[in-house]
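Chemist: Predicted model follows, preceded by the sequence.
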Amino acid sequence: MDIEKLLKDHKVLLEGHFLLNSGLHSKYYFEKFRILENPDATSTLCKLIADNFKDKGIEWVIGPTTGGIIIAYEIARQLGVLCGFAEERAGKRVVGRGFDISNKNVLIVDDVMTTGKSVKETIDAVKEKDAVLVGVAVLIDRCGASLSFDYFASYKKVVKNFKPEECPLCKEEIPLKKLGGL
Ligand SMILES: [Zn+2]
């Protein structure tokens, strides 16, 4: 399957000159909600993750809010296991809502790995519940992450980000776009 084509067809992978939330500039932008709004396309990308972890004894799939909830639900559905999420409460990410993951084999999932911050927070939240962390998976890895766990990405594209003053796209005077609004 041509994942890059699927991402371009759904306008998930955009090429141009973009302002990221971090303030950095980039030639590529991943509009993740263009995939999450489409159950068929989301299911296709999630299947790669489910297939990768189907023999690993996963009992729970946990994702960070917001996109991670959708991914966790779909992968858990495909694996025939339970799903939950890690949400922010008072500045800290927690697995609450009575999700009973203690001593259970957990797969952590998220939509896009950009800095790894939300995945790292979710790892901490899952460990705090004494779960067994089996692996981490994302739909899109845009930073080339390497983790000390079993790690899988449905699609990987390492994208360079630039400080505004060092951005070659600014120097070419390509109009800067800000996307990903609420
Ligand atoms: Zn720029």
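Modeler: Right, received. Where do you want to start? Numbers count the residues shown, from 1 in each chain.
Chemist: Which positions in stretch 62-70 come out as buried?
Modeler: Buried residues in stretch 62-70, counting neighbours by 16 or more other CB atoms under 10 Å, are found at Ile62, Gly63, Pro64, Gly67, Gly68, Ile69, Ile70. Placement of C-beta: from N, CA and C, glycine included.
Chemist: ok, and what's touching the longest helix belonging to the chain?
Modeler: Longest among the helix segments of the chain by residue count, using DSSP state H, is helix 39-53. Contacts of helix 39-53 with the rest of the structure, by CB atoms under 8 Å, 6 or more residues apart in numbering, involve 1, 3, 6, 10, 35-36, 70-71, 74-75, 78-79, 107, 109, 134-135, 137, 139, 150, 152, 154-155.
Chemist: partner strands of the helix or strand that contains Val136, parallel or antiparallel?
Modeler: According to DSSP states H and E, Val136 maps onto strand 132-141. For strand 132-141, the paired strands and their directions (DSSP bridges) read strand 105-113 (parallel), strand 150-156 (parallel).
Chemist: Tell me which of these sits nearest to the ion.
Modeler: strand 105-113 (20.3 Å; CB to the ion).
Chemist: Sitting in helices, which of the buried residues of stretch 62-70 do you find?
Modeler: Using DSSP H, the subset of these located in helices is Gly67, Gly68, Ile69, Ile70.
Chemist: From Ser146, how far off is the second one?
Modeler: Remark: distance between Gly68 and Ser146 (CB to CB, to the nearest Å) = 20 Å.
Chemist: ok, now which ones touch the spatially most central residue of the chain?
Modeler: Geometric centre of the chain, nearest residue: Asp111, 2.4 Å, by CA atoms, centre = their mean. Shown in contact with Asp111 (CB under 8 Å, 6+ apart): Lys32, Ile35, Leu36, Gly67, Gly68, Ile70, Ile71, Val138, Leu139, Ile140.
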